[in-house]
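[1] I would like the atomic coordinates for the input below:
(one chain, ligands or ions: 2)
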Amino acid sequence: MDAFALLADETRAGILRELAAHRRRDPDGGLAFSELRERVGVRDSGNFNHHLRKLTGRFVADTAAGYRLTPAGTRLAALVAAGFESSESVDAERIDGTCPGCGSPLAVSYEDGVVTVACENDHLLPQSLVQPPAADRDSEGLAAVASLSALQTAECVAAGVCTVCDGVVETELSRTGHEVLPFAYVSTCTVCDTPVTVPPGLVLARHPAVVSFWYERGVDGFETPVWELPVWDADERVVEEDPLALAVTLSLDGDELEMRLDADANATPRE
Ligand SMILES: [Zn+2]
Ligand SMILES: [Zn+2]
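    Numbering: from 1, shown residues only. Ligands and ions are numbered 1, 2, ... in the order given. This is a model prediction of the structure:
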């Protein structure tokens with residue numbers, strides 16, 4: 001039985017939820033059969049046992065201390081907690097910060113598992129797929145999740161890791177045809193087929209040469225929201241055609257740092 005079929009039943013979802021809640025109170029302990037059954041709220045012990053048996057082994061371990069979640073069960077319990085259905089959507093709300101493209105105020109919104117930060121001229125900052133609990137925050141909190149998620153996505157693209165399933169991704173550097181942000185890394189997971197698009201500047205934002213170049217000039221690249229990072233006005237030039245490679249010049253306080261980005265999103269300082 002696959003994970004989704006397992007979760008279709010409220011008793012099985014309840015078992016995972018109660019075991020996760022118990023672990024928070026008692027990290028080393030487990031729950032005895034009758035205790036677990038009472039917490040899940042099932043009277044019929046035969047029926048409860050039938051559902052518990054479906055989870056035991058791969059998702060729930062039957063140990064001397066009682067029933068506990070396995071690592072796979074922990075993942076499944078997190079899916080139950082996050083919920084498959086999207087949270088209520090959040091209409092665009094103003095946040096601190098201005099659009100790096102046009103200087104207009106920015107707003108954050110959430111709909112169907114996607115968080116968007118954009119200005120009134122529809123200049124979109126990288127959109128991120130997030131889990132529904134991300135929307136259970138105020139607008140500044142939701143914007144912080146969007147910023148973190150955009151940077152994590154860029155890190156994952158650079159490392160060749162899928163942000164959703166941790167599978168191997170294939171990445172391509174391509175021309176977007178837009179005047180603002182003319183290049184983008186488009187990366188697709190070979191396992192779950194999820195596509196992500198990342199501007200080259202964000203890949204640079206986690207390179208140590210770039211982080212220290214900013215830090216020495218008073219910008220903390222880990223505290224600053226992505227829309228305020230000094231990457232959006234960077235000068236990007238093609239230095240190789242096939243495969244495409246870029247030279248990117250970052251400027252701050254009158255100083256410059258030149259980086260090279262290749263087709264696989266590997267970054268290196270240019271001498
Ligand atoms: Zn704008
Ligand atoms: Zn994937």
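
[2] SS state for residue 250?
    Under DSSP: H, G, I helix; E, B strand; the rest coil, residue 250 falls in the strand class.

[3] In this structure it contacts residue 209, no?
    No: proximity of residue 250 to residue 209 does not meet the contact threshold set by CB atoms under 8 Å, at 9.6 Å. All C-beta spots, glycine's among them, are computed from the backbone N, C-alpha and C.

[4] of these two, who's got more company?
    Shown here are residue 250 and residue 209; by other CB atoms under 10 Å, residue 250 has more neighbours (22 against 16).

[5] Name whatever forms a beta bridge with that one.
    Beta bridges link residue 250 to residue 257, judged by DSSP bridges.

[6] Tell me who's in contact with it.
    Applying CB atoms under 8 Å, 6 or more residues apart in numbering, we find residue 250 in contact with 204, 210, 213, 230, 231, 234, 256, 257, 258, 259.

[7] just residue 106 next, same as before
    94, 95, 97, 98, 99, 117, 118, 119, 125, 143, 227.

[8] Now that we have those residues, which of them are buried?
    Burial by neighbour count, judged by 16 or more other CB atoms under 10 Å, picks out 95, 97, 99, 117, 118, 119, 125, 143, 227 from the contacts of residue 106.

[9] Show the backbone phi and psi for the second one.
    Backbone dihedrals for residue 97, given as degrees, to the nearest 10, come out at phi 110, psi 150.

[10] How about the first one?
    As for residue 95, its main-chain torsions (degrees, to the nearest 10) stand at phi -130, psi 170.

[11] give the contact list for it.
    Here residue 95 is in contact with 106, 107, 108, 117, 139, 140, 143 (CB under 8 Å, 6+ apart).

[12] Okay, and the nearest residue to it once chain neighbours are set aside sits in which element?
    Spatial nearest neighbour of residue 95, excluding adjacent residues (CB to CB, 6 or more residues apart in numbering): residue 143 at 4.5 Å. Under the criterion of DSSP states H and E, residue 143 resides in helix 139-159.

[13] chain center to that helix, what's the gap?
    6 Å (CA atoms, centre = their mean, to the nearest Å).

[14] low-confidence ranges in the protein?
    1, 84-87, 126 (pLDDT under 70).

[15] Outline the domain layout of this protein.
    Each domain of the chain is listed here as a residue range: 3-82, 90-269, per automatic domain parsing.
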